[in-house]
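# turn this into a model:
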Amino acid sequence: MKLTIELADEQQRALTAKAEAVGLPIERYAIDLIERDLRIEPVASPSAPPIWEAILDYSAQVSPDAFAALPSDGASQIDHYLYGHPKR
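Prediction:
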């Protein structure tokens, strides 16, 4: 469902300021307000594991030899390994 709301300039400024204060886009902040007011729990995909579990599952599938072959400076030289830039 798409909902369009007309706000007075003052209301829009106040809503924007509050959204920015918590680091959210105004649309997400407004949805959060509605969910809190209606006491609707955000819908999470029941089949999707938390990201940390997914990372652990994927890393468990990598052989120890493959981990050993990774460069030890991969994080600091990411531009070199991804884009071929000269090492710093």
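# switch to C-alpha atoms for all contacts and neighbour counts from now on
Will do.
# and stretch 70-79, end to end?
15 Å (CA to CA, to the nearest Å).
# tabulate the CA atom coordinates of stretch 2-13 in CSV.
Once non-C-alpha atoms are left out, stretch 2-13 reads as follows in CSV (Å, rounded to 0.1, in the frame of the first residue of the first chain):
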residue,chain,number,x,y,z
LYS,A,2,1.2,3.5,-0.8
LEU,A,3,0.2,6.3,1.4
THR,A,4,0.8,10.0,0.7
ILE,A,5,0.5,12.5,3.5
GLU,A,6,0.3,16.3,3.2
LEU,A,7,2.2,18.0,6.0
ALA,A,8,2.5,21.6,6.9
ASP,A,9,6.0,23.0,6.5
GLU,A,10,6.5,23.1,10.2
GLN,A,11,5.5,19.5,10.6
GLN,A,12,7.8,18.4,7.8
ARG,A,13,10.7,20.3,9.3
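# closest to the centroid, which residue in the chain?
Closest residue to the average C-alpha location of the chain: residue 51 at 10.3 Å, with CA atoms, centre = their mean.
# okay, buried residues for stretch 69-82 please.
Within stretch 69-82, the residues that count as buried by 16 or more other CA atoms under 10 Å are residue 77.
# how near is the residue nearest to the centre of the chain to residue 57?
In terms of CA to CA, residue 51 sits 10 Å off from residue 57.
# and if you look at residue 87?
For residue 87, the distance to residue 57 - CA to CA - is 31 Å.
# for residue 15, same thing?
Separation of residue 15 from residue 57 (CA to CA): 40 Å.
# tell me where this protein has helices.
According to DSSP state H, the chain carries its helices in the segments 9-21, 26-38, 51-60, 64-69, 78-83.
# in JSON lines, list the ones you listed along with distance to residue 3.
As requested, the helices of the chain are exported to JSON lines (distance: least, CA to CA, whole Å):
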{"stretch": "helix 9-21", "distance to residue 3": "16"}
{"stretch": "helix 26-38", "distance to residue 3": "11"}
{"stretch": "helix 51-60", "distance to residue 3": "31"}
{"stretch": "helix 64-69", "distance to residue 3": "49"}
{"stretch": "helix 78-83", "distance to residue 3": "42"}
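# thanks again, I'm all set now.
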